[in-house]
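J.: I'd like to go over a predicted model; first the sequence, then the structure.
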Amino acid sequence: MHSFLKSIGVTDDLLEHLDQVSLAFQRPVLVWVGLIVLGPVAYFVYRLQQSSLATVPRKFRIVLTVTRVLVLAILICVVAGPYLELDLHITKRPIVVLLFDSSQSMQLPAGPFASEEELLAAAVVAGKKTPDGELDSASRAAAEELTRADLADTAVRSAADSLIEPLRKDFDVRFYQFSRGATQFAFDSDRDAPDEAEQPGRASHIGDSINDVFEDAAGRQVAGIVLLSDGQNTGGVSPSQAARAAAEAGTPIYAAPLGSAERLPDVSVIDVYTSGMVALGDTVSVHVTLESQGFDGRPITIELKDGDELLATQQTVARDAEHQRIELTFEATTPGPRYLTVNVPPFEEEVDQLRANNTDTALVTISDEKLRVLLVDGFPRWDFRFVKNAIRRDNGLAGRVEDSPDVIVETEWRRWPVEQQTASLPQTLDEFAEYHTVILGDVSPELVDSGFQDLLARAVRERAVGVIVEAGPQSMPHRYDSSFQELLPVRMQPGEAGVEAPVYNPFEILVSADGLIHETMRLYDDPGRNHRVWSRMPDYYWCAAVDKAAPGATVLAWNPKLEGRFGRTPLIAFHYAGDGRVMFLGTDSTWSWRQMVGDRFFYKFWGQAVRFVSRKNESDGQQNSIAVRPIRAQPGEEAQIELNAFNADGSPVDMPSRDVELLSPGNRQTIKVPADDSRDGLYQGRFTPEVPGIHRLVYQPADGEPVEATIQVLTSPEEYRHPNPNRPTLELLDSTTGRDVLAISEL
C-alpha cells in the first residue's frame with residue numbers, strides 16, 4: 001500500500017501519518033447518489049445481459065455484470081474527487097527578538113554618568129548590590145568600568161526571571177548579535193558572567209540587521225524587537241527604511257540606548273578628503289575636519305605623513321562648539337600611489353579606544369602623463385558646464401593639440417564655417433586614437449553621424465580608446481541606431497526617450513556592491529564611508545529608459561525606484577568593448593552632487609571616471625596589468641582582483657585561470673584567478689585579507705616582467721568618529737513603529 005500510494009503521488013507527509021489519514025471526497029453528494037443507484041443499475045445490466053447473452057453460461061454473465069458495475073463504481077468515485085485528508089495541529093509561536101549590538105563602539109565605557117541617579121540605575125541593572133540605595137566603593141568602581149556591551153548583557157541577564165522566562169511561555173524568544181549583519185546565538189541566562197567576547201564588529205549596520213531578523217523569521221510573525229545599541233550606524237540600509245518595513249509588518253521596535261548622554265573627552269578626525277588623482281608638480285591639498293569635546297582652548301597639532309616622512313604640519317586650537325576644517329598641502333614630486341596619514345597626537349584624557357579616531361588615511365595617485373580628452377555635447381546644459389570646468393581645471397588632462405581638453409558643444413558648432421567644423425572633430429582612426437577618453441553628452445546624430453560613430457567604435461575596439469556616454473532627454477542614446485547602442489554596456493527600451501519621476505516621488509541612486517569598491521565611485525577610500533555618502537546623494541527626476549545591463553557588463557549603480565521586466569534599472573555601468581572600456585551614465589543630473597559640498601564629489605567622480613576608461617599608453621602592444629579594488633579595506637572585507645594577462649607577442653593569454661601571489665604581513669599564498677568570458681586575457685577573482693597592513697598582489701608572467709598592485713588593510717576608526725550614543729536614530733526606529741525609547745532599567 002505504501003508503494004502504491006507513493007506511485008500515485010501521495011506526499012511523504014501523508015505517508016508518515018498514514019494511520020491518521022482519512023478518505024474524503026470533494027463532491028460527497030455524488031458518492032451517495034451513485035451508491036443508491038448502483039444497485040438498480042446492476043440489476044438492469046444483469047437482466048439486459050440475460051436476454052442478449054442467453055447462450056452464455058450464467059457464471060460468465062455474473063462475472064461480466066460485476067466487472068461493468070465495478071467500472072461504473074470506480075467512475076463514480078473518480079468524478080466525486082477522492083482525496084486523503086490529514087489534520088495536523090502545528091503550533092508556531094510568534095517570535096520576540098533581543099538584538100544586541102556587538103560593534104566596536106559597544107566596547108566604549110557606558111559612562112561617564114551625568115548624575116548619581118544614572119550611576120545607581122546602571123549599578124542596579126548590572127546586578128550590583130545597593131543596600132539602602134547607596135553604592136559601596138567596589139560597586140561604584142565596577143559600574144564605572146562597565147562597557148556598553150557588558151551593560152546590555154548584564155541587564156538582560158539580571159532581568160531574565162521577569163523578562164525572558166515570561167516571554168517564553170507565549171513566544172519564541174531569539175537572541176541575535178549584529179555588526180554588519182545579524183546572527184543568532186544561544187543566550188544562557190543562568191551564567192554568572194558573559195562568555196569571552198568575540199572580536200567586535202568593525203561596522204554597525206542597524207537597518208541590514210533588522211532586515212536579517214525578518215529574513216530569518218521566514219514569514220513567521222515577529223511580535224517585537226528589543227534593540228540594545230548605542231545607535232551608531234555606519235552603513236547598509238537606512239534604519240528609517242528598515243523601521244518602515246517593520247511597521248508594515250506590525251512589528252514594534254523597542255530601542256534601549258546604551259551609553260551616557262555625558263560626552264566623552266575626545267579629539268576626532270572625522271573627515272579626510274583629497275582629490276584622489278593629481279598631476280606631477282601639482283600642489284596636493286588634504287582637507288581635514290576635526291571635532292573635539294572637553295579640550296576647548298587647548299592647542300592641537302595636525303600632522304600629514306607619507307610613511308615616516310612628515311609632509312606638512314599645522315597648529316590650531318580646539319573649539320568644542322564647532323567642526324574645524326584644516327587644509328594641509330605639499331608638492332607632488334614623485335609619481336605613483338601614495339598613502340597619506342593624517343594624525344593628531346592624543347591627549348592623556350582620551351580613553352584608549354578613542355585614540356583610534358585620531359588617525360585616518362587617504363590615497364593620492366600622482367600621474368606623470370597627460371590624458372587627451374574630447375568632450376562633445378548637444379547644448380550647454382548643467383552637466384556639460386560643470387564637466388567642462390572640471391576637465392579644464394584638471395592639470396592631468398589635455399586635448400589633442402592644446403594643453404586644455406577639446407570641448408565641442410553642438411549649438412556653437414552649427415554656427416561655425418564648414419572648414420572649422422571639419423577640423424574640430426577627428427576624421428580618421430589615427431586621429432581618434434590620439435585621444436585617451438571621449439565623452440559624449442546629449443548630442444544629436446547630426447553631429448555624431450554614422451561616420452563618426454563607426455570610427456569611434458573602431459577606436460574603442462581596436463585602439464582601446466575609452467568612452468563615457470552620458471544620457472540626455474534630447475538625443476542620447478534613444479535617437480541612435482542599434483549599431484551605436486551595441487557599443488553601450490546597457491540595452492535600451494526601443495523608442496523610449498527616458499523616464500521622468502513624479503515630483504512627489506523622485507528617483508534615488510543605489511550603489512551596487514561592485515560600485516562601492518570601484519575606483520570610479522570611490523568618493524572615500526573607506527567603503528563604509530563611501531556607501532554612506534552615496535546613500536545621501538540628492539534625488540533626481542529623469543533617467544534614461546534602460547531595459548537591462550548588457551551581457552558581461554558591470555553595474556556600478558542602480559535606480560531602485562524604477563523596475564522593468566528585468567528588475568531594477570541600471571544607472572551607471574561599464575563593460576569592455578574589444579580592447580576599450582565604455583561607461584554609461586543614465587542620468588543628466590550629476591551636477592546636483594555638488595549640493596552642500598561644492599565641487600568635491602562631482603570633480604572626484606568625473607576625474608576618476610575619465611581615467612578609468614582611458615586608453616593606456618601601450619604603443620608596443622598589450623601589456624600585463626593587475627588592479628585590486630578597493631585600494632583600502634578593513635580586515636575580513638572581500639576585495640576584487642582584475643588581471644589583464646598577455647603573451648610576449650601581445651596576444652591575450654588563453655588559460656582557465658592564472659596564479660597571483662598574495663604577499664601579506666607574515667604570510668604568502670597563491671590565489672587562482674579564473675578567466676572572465678567577457679574579454680580575452682581578462683581574469684577576475686576575489687580574496688579576503690584578514691590582517692592589517694599592506695598586501696601586495698604579484699603576477700609573474702612566463703615571459704615577462706612581474707606586475708603588482710597593493711591594497712592597504714586598516715581597522716577603520718569609523719565606529720569611534722562619533723562616540724556618543726546616537727539617540728535620534730533609536731528614537732526614529734521607535735516612533736516609526738509606534739513605540740517610545742526604552743530605558744535599560746525598564747526591561
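T.: Right, received. Where do you want to start?
J.: so, low pLDDT: which residues of the stretch 151-300 of the chain?
T.: Within the stretch 151-300 of the chain, the stretches with pLDDT under 70 are 189-199.
J.: dump the strand or helix carrying Leu730 to CSV, keeping only the CA atoms.
T.: Using DSSP states H and E, Leu730 sits in helix 727-736. Provided in CSV are the C-alpha atoms of helix 727-736 (Å, rounded to 0.1, in the frame of the first residue of the first chain):
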residue,chain,number,x,y,z
ARG,A,727,19.6,58.7,20.4
PRO,A,728,17.9,60.3,17.4
THR,A,729,18.4,57.2,15.3
LEU,A,730,17.0,55.0,18.1
GLU,A,731,14.1,57.4,18.6
LEU,A,732,13.3,57.2,14.9
LEU,A,733,13.1,53.4,15.0
ASP,A,734,10.7,53.5,17.9
SER,A,735,8.5,56.3,16.7
THR,A,736,8.2,54.8,13.2
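J.: the stretch 251-400 of the chain: helices as residue ranges?
T.: Using DSSP state H, counting those that start in this stretch, the helices of the stretch 251-400 of the chain run over 382-393.
J.: how much space separates the most centrally placed residue in the chain from His531?
T.: With distances taken as CA atoms, centre = their mean, Ala513 lies nearest the centre of the chain, 4.2 Å away. Using CB to CB, to the nearest Å, Ala513 is found at 10 Å from His531. All C-beta atoms are positioned from the backbone trio N, CA, C, and that covers glycine.
J.: do the same with Pro265
T.: 30 Å.
J.: what about Lys548, how many neighbours?
T.: Residues within reach of Lys548, counting by other CB atoms under 10 Å, total 19.
J.: I'd guessed it sits against Pro570; true?
T.: Yes - using CB atoms under 8 Å, Lys548 makes contact with Pro570 at a distance of 7.1 Å.
J.: need the residues touching each of the two.
T.: Residues touching both Lys548 and Pro570 (CB atoms under 8 Å, 6 or more residues apart in numbering): Val490.
J.: before we move on, the earlier item: which residue of Pro265 and His531 possesses the greater neighbour count?
T.: Neighbours were tallied for Pro265 and for His531 using other CB under 10 Å; the higher tally belongs to His531 (23 against 17).
J.: what lies in contact with the helix holding Leu730?
T.: When contacts are defined by CB under 8 Å, 6+ apart, helix 727-736 is touched by residues 206, 227, 229, 231, 233, 239-240, 242-244, 246-247, 253-255, 257, 261, 740-742.
J.: repeat for stretch 528-538
T.: Contact with stretch 528-538 is made by 203, 234-236, 238, 508-509, 511, 515-516, 521-524, 557, 589, 592-593, 595, 601, 634, 716, 718, as judged by CB under 8 Å, 6+ apart.
J.: in it, what counts as buried?
T.: Neighbour-count burial for stretch 528-538 flags Gly528, Arg529, Asn530, His531, Arg532, Val533, Trp534, Ser535, Met537 (criterion: 16 or more other CB atoms under 10 Å).
J.: phi, psi for the first one please.
T.: Dihedral angles phi and psi of Gly528 (degrees, to the nearest 10) take the values phi -70, psi -50.
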